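>>> Okay, sequence plus prediction incoming.
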Amino acid sequence: MSFFDEEVFFADMAEVPKKDDSFTMPSGASSKADVASNGLGAANKRRRSGRLRLIASTALITAVLIMGTAMLTVLLRGRGWVANLILGGKNIEFTLPVADYPDVDIADKDEYGRYTTEGLVKAVSDTVVEIQIFKSGSYVPSSQGSGIVISENGYIVTNAHVVSEASRGIKVILFDGTAYDAVVIGADDRTDIAVIKINAAGLKFASFADSDGVSLGEDVCAIGAPGGFANSVTKGIVSGKNRQIAAQNGDIKMDCLQLDAAINPGSSGGAIFNMFGQVIAISSSKLASTTYDGIGFAITTNAAKPIIESLMEHGYVKGRIRIGITFYGINEQAAMRAKVEIKPGLYVVAIDDSCDVANTRLRVDDVITSVEGEPVRSLEELKQLLEGREPGDEVTAHVYRPAITGEGEEFDISFKLMEDNGGLIENPAGKSA
């Protein structure tokens, strides 16, 4: 047997030579053992080098595969895929793509001259203002409303109930944010119309239309400051015409449009525009109930026009009449339940000393049972009986004076009607007339 060209002998076959400690390798000579040793080392180095190259190649290929897999995963699942693995797929790193808003040239009007909604807002928004009301004891607005600019020198129409509690002052905020102090020119609680004024000039003012031309189902826009959110725009249609609605504290039913455009507290006094950019009504009220939605009312321009003009000219609605009393209406049922003998009619609780009726026998606690020979039980009946009368006209009324014991007294009075320059309102003491 031979390994690396060396002969191997078993011990029982050959004699072991003696050890010679003095051995010198001849110069320039090499033994077979050296050659074999050198060859084995080179082979081992080649094997190690090959293994290293194999490991390096494997690592490189593995890294490339990992990177490729990661890139593909990012493309398919987003950059937060690792977080998804940890958090159960709830969160990823994500960027929502947002495109530029379309820049297109859309006409503000159609072929009939009607504005688009955007065109209308651009054309008329600066004719509507926000109104802030201040009460005594407060330096912040207690309530808000809206108004419509009706002249370039600062006259503004709104609702009477918007300004009725402005004991400390009124501030008007224009479309551009400019603020002005305002004064009340006139307010009519009976129709819920008021006119205020700011010290300004060169204002853009609204154009008003004949409201008789409004069509059922016509598109409209309401602009105002509901909830104090100035320059708010809502859109809807005319849901009804000729709705006779009285203000909460008023007694005159005004001709109103019914609308489904949103009208909310703060919208009062704002404008209802047709799509030609004209005011056709003044926002006034809404049907407030959990069972109703989208029923708002606005006083027509034709109904508001004479009130506005009289308020601007006189500070009140000229030509109205009043008696000068405050009363409760008593019907037959109420009279029967009374603890003393009393008759149905107008139970007087206050008399205005400045009126002619104060010069008659009429006293507080008396009951006016008829006017001009016709029974009267309520304010509505009284208004009907006095319709067509003018200030200075003389009226006759029949009076019953209850007695604590025994029978009451009855008599007639005559008095002149006075001009109503303060409005007819509801108050804690009853109705005024």
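The structure has been received and is ready for your questions.
>>> Can you pull out the low-pLDDT segments for the stretch 151-300 of the chain?
By pLDDT under 70, the weakly predicted segments of the stretch 151-300 of the chain are 248-250, 286-291.
>>> For it, which segments count as helices?
Taking DSSP state H, counting those that start in this stretch, the helices of the stretch 151-300 of the chain run over residues 160-163.
>>> all strands of it, in order?
155-158, 169-173, 179-188, 193-198, 207-208, 219-224, 232-246, 253-259, 271-274, 278-286, 296-300 (DSSP state E, counting those that start in this stretch).
>>> winner for burial among those?
strand 271-274 (a mean of 28; mean count of other Cβ atoms under 10 Å). Every C-beta, even on glycine, is put in place using the N, C-alpha and C of the backbone.
>>> chain center to it: distance?
Distance of strand 271-274 from its chain centroid, counting by Cα atoms, centre = their mean, to the nearest Å, is 17 Å.
>>> for that strand, packing partners?
helix 117-124, strand 219-224, strand 278-286 (3 or more Cβ pairs under 8 Å, 6 or more residues apart in numbering; DSSP states H and E).
>>> can you put the ones you listed in TSV and add distance to V98?
Below are the helices and strands packed on strand 271-274 laid out as TSV (distance: least, Cβ to Cβ, whole Å):
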stretch	distance to V98
helix 117-124	22
strand 219-224	29
strand 278-286	37
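>>> Y155 is nearest to which of these?
Closest to Y155 of those is strand 278-286 (Cβ to Cβ; 13.9 Å).
>>> Kindly calculate the angle that that closest one makes with strand 253-259.
Using axes from the mean of the first three to the mean of the last three Cα atoms, to 10 degrees, the inter-axis angle of strand 278-286 relative to strand 253-259 is 100 degrees.
>>> Just the CA trace of strand 278-286, in PDB.
Extracted in PDB, the C-alpha atoms of strand 278-286 (Å, rounded to 0.1, in the frame of the first residue of the first chain):
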ATOM      1  CA  GLN A 278     -83.200  89.500  -7.300                       C
ATOM      2  CA  VAL A 279     -84.600  89.500  -3.700                       C
ATOM      3  CA  ILE A 280     -88.000  87.900  -3.800                       C
ATOM      4  CA  ALA A 281     -88.500  87.500   0.000                       C
ATOM      5  CA  ILE A 282     -87.000  88.200   3.400                       C
ATOM      6  CA  SER A 283     -86.200  85.200   5.600                       C
ATOM      7  CA  SER A 284     -88.500  85.300   8.600                       C
ATOM      8  CA  SER A 285     -89.300  82.000  10.400                       C
ATOM      9  CA  LYS A 286     -89.300  78.200  10.200                       C
END
